[in-house]
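Participant: Provided below for reference: sequence and predicted model.
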2 protein chains.
Amino acid sequence: MRPLEVTKREEEYLEAMYILHKNKGVIRVKDIAKIMNVKPPSVVDALKKLAEKGLVEYEKYDRILLTEAGRKIAEETYSKHVFLTKFFVDILGIPPEIAEHDACQFEHYVSEVTVKRMKEFAKFIQEQCPYVLKQFLKEKLEE
Amino acid sequence: MRPLEVTKREEEYLEAMYILHKNKGVIRVKDIAKIMNVKPPSVVDALKKLAEKGLVEYEKYDRILLTEAGRKIAEETYSKHVFLTKFFVDILGIPPEIAEHDACQFEHYVSEVTVKRMKEFAKFIQEQCPYVLKQFLKEKLEE
DNA sequence: TAAAGGTTTTTGGCAACCCTAACACGGTGA
DNA sequence: TCACCGTGTTAGGGTTGCCAAAAACCTTTA
């Protein structure tokens, strides 16, 4: 199997499907469309492409599932998403909605090195100077 | 004049042109192509679009210039680029090349709020616990 | 000044994504 | 069981961006 190239957009579709599966159990075209903010035909296009790449199990009118490979990509992306959002909120004190928005884009580009380093940084700061961090986050609320 | 929509890619073209103008004085198709990692015809396509949007002065075979509006967008993007790279390197201790790469993407998506907050954070940490920061950055070098 | 060589532009095409309109499917209620 | 209605799919098109090949341009040099 070739080094499948997954576009940013495809990664987003996989992540949406992963979240749906996690939360609702079933993955439906309509729900993917809502999350992705597109119309159903676009979802079908995407599903066909993803199926060709072996990332999704898809037969028309049948149930939709992520394959092992697809799930892996989705999970990696999703975990970056969760972490980045948390970092923006807990360390930088960014409003959750904005943090969410920024994380949602950055998650598709950020390198592993950077994520790892951000994790180490968060841990380090929270352990070494929790008081200073608290002070920083407090100042913001007072503005 | 309408709220011109500038795509991420167009923003990148503008930034490339801005940098060329800043460093070399002249902006040439060939050089834009090299920076953008595309072939010359793609650059010409982009220039036409940008000219239509009033962001670039472009007449074929003539010199290429950013308009005031184009320069403004480029400058904003570029300054985010510079800051984000600096943040990744100076605060998180990420290798310059990787910092550059990540900044190069994030700069097109990051919200103003987040940039502002990152700046405040950098300042705060550097002033309030410079020693802890130094220690964090040192540890990384030792791995 | 004319040919050479590099640069720029045009042409024609391809891939990723998205949409509207129309059609197919399938579960539900009368 | 059949008509209905929501959901899913196809058909047909549009935009953005990119490319290779070939044509146009311009500068430089013989």
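Facilitator: The structure has been received and is ready for your questions.

Participant: quick one: low-confidence parts of chain A?
Facilitator: Along chain A, segments meeting pLDDT under 70 span A:1-4, A:140-143.

Participant: can I see the domain layout of it?
Facilitator: Here the domain parsing of chain A from automatic domain parsing is A:8-69, A:74-142.

Participant: for residue B:16, find the nearest of these.
Facilitator: For the domains of chain A, proximity to residue B:16 was assessed by CB to CB; domain A:74-142 is nearest, at 18.0 Å. The C-beta positions use only the backbone N, C-alpha and C, and glycine is treated the same way.

Participant: report whether the closest one contacts DNA strand C.
Facilitator: No - using CB under 7 Å from any atom of the strand, domain A:74-142 stays clear of DNA strand C, coming no nearer than 10.5 Å.

Participant: out of the domains of chain A, which comes closest to chain B?
Facilitator: When the domains of chain A are compared by CB to the nearest CB, domain A:74-142 sits nearest chain B, at 3.7 Å.

Participant: now do the closest one: distance to the chain's middle.
Facilitator: 14 Å (CA atoms, centre = their mean, to the nearest Å).

Participant: quick one: that domain near chain B?
Facilitator: Yes - judged by CB under 8 Å from any CB of the partner chain, domain A:74-142 and chain B are in contact via A:88, A:91-95, A:98-99, A:101-102, A:105-106, A:109-111, A:113-114, A:117-118, A:120-121, A:124-125, A:128-129, A:132, A:135-136, A:139-140.

Participant: quick revisit: out of the domains of chain A, nearest to residue B:65?
Facilitator: Comparing the domains of chain A by CB to CB, domain A:74-142 comes nearest, at 30.4 Å.

Participant: for the helix or strand where residue A:86 lies, buried residues please.
Facilitator: If you go by DSSP states H and E, residue A:86 is part of helix A:68-90. Neighbour counts using 16 or more other CB atoms under 10 Å in any protein chain shown place A:69-71, A:73-74, A:76-78, A:80-81, A:83-89 of helix A:68-90 among the buried residues.

Participant: alright, I will stop here.
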